[in-house]
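In: predicted model follows, preceded by the sequence.
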Amino acid sequence: MDKYILDFSATPDNLPIIRHFVQEHLAPYISDPIRLNQLTVATEELCANSIVHGNHSDPSQKLRLELRIDKKTLHIYLYDPAPPYALHKYPMPPQLLRKDTNRPGGLGIYLIRQLMDKIIVRRRGKSSVYHLVKNLT
Amino acid sequence: MEIQLSLSPTADGLTVTLSGELDSLSAPKLYDQLSQAIKEHPNIKKISFECRNLSYISSAGAGILLLSLDNFGHRGIDFELRNVRPEVYNILDLLGLTKVMTVSNG
């Protein structure tokens, strides 16, 4: 299984870097452009939630994204210093416009849950660990 | 790649050409420019987004399209996304945008 690591600070300016990292390293394994894009979107949404909501876009907070992939399975790990949130328990489907804010809400989490096969959230040491799994066969 | 925007008024509407990536960084720029254009052309009946060169959209990008539809659609403005690439269409479809606005595959 191959492993790729990206360390980044919690600022939204890093989102383009994150998705280009994902595209670059997954492209050799995934030829279908729709599937490659789906996995890029799921990873970006995961990181965006942690950057914006978990760490309040504080660039002093450091996160690690790790991709582990072989021909059969992709594992995406995000190590986040902020407390964990119940990514796998959010109510579905999303509200296209939330009644309380009158703004779209929950779209990113909905995408992650639609696009990935398994989501595991746990606390390990000083990090929250988000582990997303996608079967590639 | 940052988003590139170009807005062109037509007889009864506005064509917005999108190039690049529509994400949480670039989505506010789109909303600001749309709001300004609608203020300058209050009789617009249709906004057509030309998406041939839109290579990526995140939930924040899709969200700004929904917010625009909600805020401007009640003025009787129709929204249309044209020539959407399959990867982008797939994300819009998963989020249900293809049910609330006209989205044509490129």
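Out: The structure has been received and is ready for your questions.
In: pLDDT score assigned to B:Gly20?
Out: Per-residue pLDDT puts B:Gly20 at 96.
In: ranges for the strands of chain A?
Out: Along chain A, counting by DSSP state E, strands occupy A:2-9, A:62-69, A:73-80, A:118-124, A:127-135.
In: which strands and helices lie in contact with the third one?
Out: When contacts are defined as 3 or more CB pairs under 8 Å, 6 or more residues apart in numbering or on different chains; DSSP states H and E, strand A:73-80 sits against helix A:33-49, strand A:62-69, strand A:127-135. Bear in mind the C-beta positions are built from the backbone N, C-alpha and C, glycine included.
In: and the angle for it with strand A:127-135?
Out: Relative orientation of strand A:73-80 with respect to strand A:127-135: 160 degrees, computed using axes from the mean of the first three to the mean of the last three CA atoms, to 10 degrees.
In: please apply the same query to the shortest one.
Out: Here strand A:118-124 runs at an angle of 160 degrees relative to strand A:127-135 (the same axes, to 10 degrees).
In: strands paired with strand A:118-124, and their directions?
Out: According to DSSP bridges, strand A:118-124 forms sheet pairs with strand A:127-135 (antiparallel).
In: please apply the same query to the third one.
Out: Take DSSP bridges as the rule and strand A:73-80 pairs in its sheet with strand A:62-69 (antiparallel), strand A:127-135 (antiparallel).
In: buried set for it?
Out: Buried residues in strand A:73-80, counting neighbours by 16 or more other CB atoms under 10 Å in any protein chain shown, are found at A:Leu74, A:His75, A:Ile76, A:Tyr77, A:Leu78, A:Tyr79, A:Asp80.
In: buried ones in the strand ranked longest in chain B?
Out: When secondary structure is assigned using DSSP E, the longest strand within chain B turns out to be strand B:46-57. The neighbour-count check on strand B:46-57 (16+ other CB under 10 Å) flags B:Lys46, B:Ile47, B:Ser48, B:Phe49, B:Glu50, B:Cys51, B:Leu54, B:Ser55, B:Tyr56, B:Ile57 as buried.
In: now what about that strand, what contacts it?
Out: Outside strand B:46-57, the residues within contact range by CB atoms under 8 Å, 6 or more residues apart in numbering or on different chains are A:19, A:37, A:40, B:1, B:4, B:10, B:12-23, B:34, B:65, B:68, B:72, B:77-85, B:87-88, B:91-92, B:106.
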